[in-house]
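[1] My questions concern the predicted model and sequence given below.
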Amino acid sequence: MATWLEGHIVERTVWTDTHFSLRIACARPDFIAGQFIRVALDIDGERIARPYSCVNSPAADGFEIFFNLVPSGPLSRPLSTLQIGDTLWVSDRCNGLLTLQEIPDTARDLWLIATGTGVGPFLSILHTAETWQRFDQVILAYGVREAPQLAYSAMIDQLCQNHSNLHFIPCVTQQAPDSAYAGRVTQALADGQLEARAATTIGTDSHFMLCGNTAMIRDMTTALKQRGLKKHLRREPGHISSEKYH
């Protein structure tokens, strides 16, 4: 039986008409960067809950979640209408294995591959000291349909200024700005642009963390396996870790 903690909205960001962030004040449980928490609202007499990655650093207060409207989803639209001061519920524990602690010590380059709101856990990871202590190069590839959906761009720009070994590769499929790769992140891997833009070669000392839509995770995993990498399991260390919620 889940135990629920009461939370209150203290900040609301509208990135587009379909993408939102909420910062939540609550007596939260500890979490590891990359994990997710369940968030709930009481709707028509039922407590509806869904998992959302924690965007903020574990050292920060409360939680921040980043989400998009799901046409058939019962929770995302009510969440998007919440205002500062409104109440919601969060679970008393966090879960998920998309964390640095799960990555083998042999990894030298960290590739963070996200589509849409899947960038959330990677933002949390990028705000931890361990990331910069462990890896020679860190590459964040962030795929969206349209440039306005590249949420947290200012935060990512600041991270790039703070860390010279962070390479940011935005991938935009529709009307991509000059600074972005014009196409899907899987295309950028196939045509060599991921490696070219990161000035880094993919090899067995690379570790990929994938978070986003199911098709991207499937196609990226298949392509990386063709390059000699394999899925990471605790019982059999590899090079590809993933998280998906649907």
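    Yep, that arrived.
[2] So for the top helix by length along the chain, what gets flagged as buried?
    The single longest helix within the chain, with elements called by DSSP state H, is helix 214-226. Within helix 214-226, the residues that count as buried by 16 or more other CB atoms under 10 Å are 216, 217, 219, 220, 221, 224. No exception for glycine: its C-beta is placed from N, CA and C like everyone else's.
[3] from memory the fifth one sits against residue 231, does it?
    Yes: counting by CB atoms under 8 Å, residue 221 does reach residue 231; the two are 6.8 Å apart.
[4] Residue 176: neighbouring residues, count only.
    17 (other CB atoms under 10 Å).
[5] Pretty sure residue 104 sits in a strand.
    No: using DSSP: H, G, I helix; E, B strand; the rest coil, the assignment for residue 104 is coil, not a strand.
[6] How confident was the prediction at the nearest residue to it once chain neighbours are set aside?
    Leaving out its chain neighbours, the residue that sits closest to residue 104 by CB to CB, 6 or more residues apart in numbering is residue 237, at 4.4 Å. What the model reports for residue 237 is a pLDDT of 92.
[7] Outline the domain layout of the chain.
    4-91, 100-243 (automatic domain parsing).
[8] can I assume residue 68 is in contact with residue 76?
    Yes: judged on CB under 8 Å, residue 68 makes contact with residue 76 at a distance of 6.9 Å.
[9] Hmm, the residue nearest to residue 104 is touching residue 107, no?
    No: checked against CB under 8 Å, the pair residue 237 and residue 107 is beyond contact range at 9.4 Å.
[10] would you list every one of the strands in the protein?
    For the chain, the strands defined by DSSP state E occupy 4-14, 19-25, 36-43, 46-53, 63-68, 87-91, 109-115, 137-146, 166-174, 181-182, 206-211, 240-243.
[11] now the ones you listed in JSON lines, with distance to residue 158, mean pLDDT and mean neighbour count?
    As requested, the strands of the chain are exported to JSON lines (distance: least, CB to CB, whole Å; pLDDT from 0 to 100; neighbours: other CB atoms under 10 Å):
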{"stretch": "strand 4-14", "distance to residue 158": "16", "mean pLDDT": "97", "mean neighbour count": "15"}
{"stretch": "strand 19-25", "distance to residue 158": "16", "mean pLDDT": "98", "mean neighbour count": "21"}
{"stretch": "strand 36-43", "distance to residue 158": "24", "mean pLDDT": "97", "mean neighbour count": "19"}
{"stretch": "strand 46-53", "distance to residue 158": "20", "mean pLDDT": "96", "mean neighbour count": "18"}
{"stretch": "strand 63-68", "distance to residue 158": "16", "mean pLDDT": "97", "mean neighbour count": "22"}
{"stretch": "strand 87-91", "distance to residue 158": "27", "mean pLDDT": "97", "mean neighbour count": "20"}
{"stretch": "strand 109-115", "distance to residue 158": "16", "mean pLDDT": "98", "mean neighbour count": "25"}
{"stretch": "strand 137-146", "distance to residue 158": "13", "mean pLDDT": "97", "mean neighbour count": "22"}
{"stretch": "strand 166-174", "distance to residue 158": "10", "mean pLDDT": "98", "mean neighbour count": "20"}
{"stretch": "strand 181-182", "distance to residue 158": "21", "mean pLDDT": "97", "mean neighbour count": "18"}
{"stretch": "strand 206-211", "distance to residue 158": "21", "mean pLDDT": "98", "mean neighbour count": "25"}
{"stretch": "strand 240-243", "distance to residue 158": "25", "mean pLDDT": "90", "mean neighbour count": "20"}
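[12] Sweet, I'm off.
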